[in-house]
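*Asks:* Show me the folded form of this:
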Amino acid sequence: QLEPPRYRLLESTRLYAAQRLEESGEAAAAMQRHSEAMACGAVELDALYWVTPDRELLRRFMADYDDLQMAYERACAASWTSAAADISGALTVLRNLRVIGAGRHQRLKSAAQLLPAAQGATRAKLLRLFANTYVSTIQEVSRADAARELVALRRELGDAQRLYEALGAQAAVGVVVGDLQTATQAVAEGRQIERPDWPARLRAQFNFHSGNVCKELGDIAGCARAMQEVLELTSRAGFDQGVWMAQLGLADAALAVWIGGVTVLTV
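*Replies:* Numbering: from 1, shown residues only. Here you go, the predicted structure:
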């Protein structure tokens with residue numbers, strides 16, 4: 001399937017068009033339509049993320065990154081909370097796949113201003129941003145509190161797969177902040193609801209977080225089993241980032257075995 005053509009204005013033409021748009025009094029409406037269009041694309045990206053190889057996702061959506069970032073900033077400034085929440089998820093995916101660090105802190109700052117008025121699924125999308133351990137933290141919102149509320153909200157909304165994802169995030173946060181009791185409970189609850197027909201990326205992410213919990217608890221064999229499962233799931237599905245994360249996890253487990261003189265690792 002051919003991608004639609006993309007067009008680019010010369011900078012001088014773009015500035016002139018923006019000035020005329022402002023003079024016409026239609027700039028705000030046009031910017032809102034742009035943010036809404038980017039939010040629709042973000043929702044599509046979120047759905048495809050779980051079942052599409054990394055390279056295909058980047059090929060289809062990375063060219064929209066600057067537009068998404070611009071739309072997110074405008075949505076936050078104008079308090080278009082739903083659009084901002086949708087776009088934040090797409091930016092997180094693309095940033096994680098490309099390992100882009102710049103701008104994460106400001107993105108959280110902007111989202112924090114929207115959080116008090118956000119409700120339901122929109123609030124959950126914003127909390128997901130704060131509970132993501134691959135994103136920097138800010139003083140205004142506790143990562144652990146965000147993960148805790150996200151799990152409660154996902155449970156209330158009744159979406160088992162989203163709850164499973166949230167429990168994985170809570171386990172990861174527990175490892176980061178040193179709350180292994182909460183992390184262990186999150187993994188146990190996730191295991192109770194998980195299903196083998198769920199998307200490979202979703203199960204791989206949960207297993208990765210589960211493996212890290214095992215490592216912190218000293219269960220190196222359990223860590224290795226979880227990371228091996230991550231490797232198998234991600235290798236088959238073309239999730240390149242997951243492959244190297246699994247390999248890193250297996251290397252950590254092997255190092256722990258070597259240092260501790262344990263012989264239970266069989267991968």
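*Asks:* Which parts of this structure are strands?
*Replies:* Ranges of strands within the chain: none, based on DSSP state E.
*Asks:* what about the longest helix belonging to it, average pLDDT?
*Replies:* When the chain is parsed with DSSP state H, its longest helix is helix 27-49. Averaging pLDDT along helix 27-49 gives 94.
*Asks:* Quick check, R162 in contact with R155.
*Replies:* No. When contacts are counted by Cβ atoms under 8 Å, R162 is not listed as touching R155 (9.5 Å). For glycine as for every other residue, the C-beta is placed from the backbone atoms N, C-alpha and C.
*Asks:* In contact with the residue lying closest to R201 once chain neighbours are set aside, which residues?
*Replies:* Spatial nearest neighbour of R201, excluding adjacent residues (Cβ to Cβ, 6 or more residues apart in numbering): W50 at 5.0 Å. Contacts of W50 were listed using Cβ atoms under 8 Å, 6 or more residues apart in numbering, and they are 199, 201-202.
*Asks:* For L57, state which of those is nearest.
*Replies:* R201 (10.3 Å; Cβ to Cβ).
*Asks:* The closest one and R95, how far apart?
*Replies:* R201 sits 16 Å away from R95, taking Cβ to Cβ, to the nearest Å as the criterion.
*Asks:* before we move on, what about P5?
*Replies:* Per Cβ to Cβ, P5 is found 26 Å from R95.
*Asks:* higher neighbour count, the two?
*Replies:* With other Cβ atoms under 10 Å as the criterion, P5 and R95 differ in neighbour count, and R95 comes out ahead with 20 against 5.
*Asks:* Helices along the stretch 51-200 of the chain, start to end?
*Replies:* Secondary structure of the stretch 51-200 of the chain (DSSP state H, counting those that start in this stretch): helices at 54-61, 65-77, 81-98, 104-114, 120-130, 143-157, 160-177, 180-193, 200-217.
*Asks:* thinking again about what came up before, give me the more crowded residue out of R162 and R155.
*Replies:* R162 (20 against 16).
*Asks:* what pLDDT does the more buried one get?
*Replies:* 96.
*Asks:* OK, contacts around the residue nearest to it when sequence neighbours are not counted?
*Replies:* Nearest non-adjacent residue to R162, counting by Cβ to Cβ, 6+ apart: R154, 4.9 Å away. Neighbouring residues of R154 by Cβ under 8 Å, 6+ apart: 124, 162-163, 165-166.
*Asks:* out of those, who has the most neighbours?
*Replies:* A166 (26 neighbours).
*Asks:* Quick check: that residue touching K125?
*Replies:* No. Taking Cβ under 8 Å as the definition, A166 is not a contact partner of K125, at 11.2 Å.
*Asks:* where does V51 fall, phi/psi-wise?
*Replies:* Torsion angles at V51 (phi, psi; degrees, to the nearest 10) stand at phi -130, psi 10.
*Asks:* Neighbours of it, how many?
*Replies:* The tally of other residues near V51 (other Cβ under 10 Å) stands at 11.
*Asks:* where's it relative to L202, distance?
*Replies:* On the measure of Cβ to Cβ, V51 and L202 end up 9 Å apart.
*Asks:* so what secondary structure elements neighbour the longest helix of the chain?
*Replies:* Helix 27-49 is packed against helix 11-24, helix 54-61, helix 65-77, helix 81-98, with contacts defined by 3 or more Cβ pairs under 8 Å, 6 or more residues apart in numbering; DSSP states H and E.
*Asks:* Run the chain-centre distance for that helix.
*Replies:* Using Cα atoms, centre = their mean, to the nearest Å, the mean C-alpha position of helix 27-49 is found 17 Å from that of the whole chain.
*Asks:* repeat for stretch 225-240
*Replies:* 18 Å.
*Asks:* Can you show me the CA trace of that stretch as CSV?
*Replies:* Output in CSV follows, covering the C-alpha atoms of stretch 225-240 (Å, rounded to 0.1, in the frame of the first residue of the first chain):
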residue,chain,number,x,y,z
ARG,A,225,12.6,-17.2,32.3
ALA,A,226,10.7,-14.0,31.9
MET,A,227,13.4,-12.4,29.7
GLN,A,228,13.6,-15.5,27.5
GLU,A,229,9.8,-15.2,27.0
VAL,A,230,10.3,-11.5,26.1
LEU,A,231,13.0,-12.5,23.6
GLU,A,232,10.8,-15.1,21.9
LEU,A,233,7.7,-12.8,21.7
THR,A,234,9.6,-9.8,20.4
SER,A,235,11.8,-11.8,17.9
ARG,A,236,8.8,-13.3,16.2
ALA,A,237,6.9,-10.1,16.0
GLY,A,238,9.6,-7.8,14.8
PHE,A,239,9.8,-5.6,17.9
ASP,A,240,13.4,-4.7,17.7
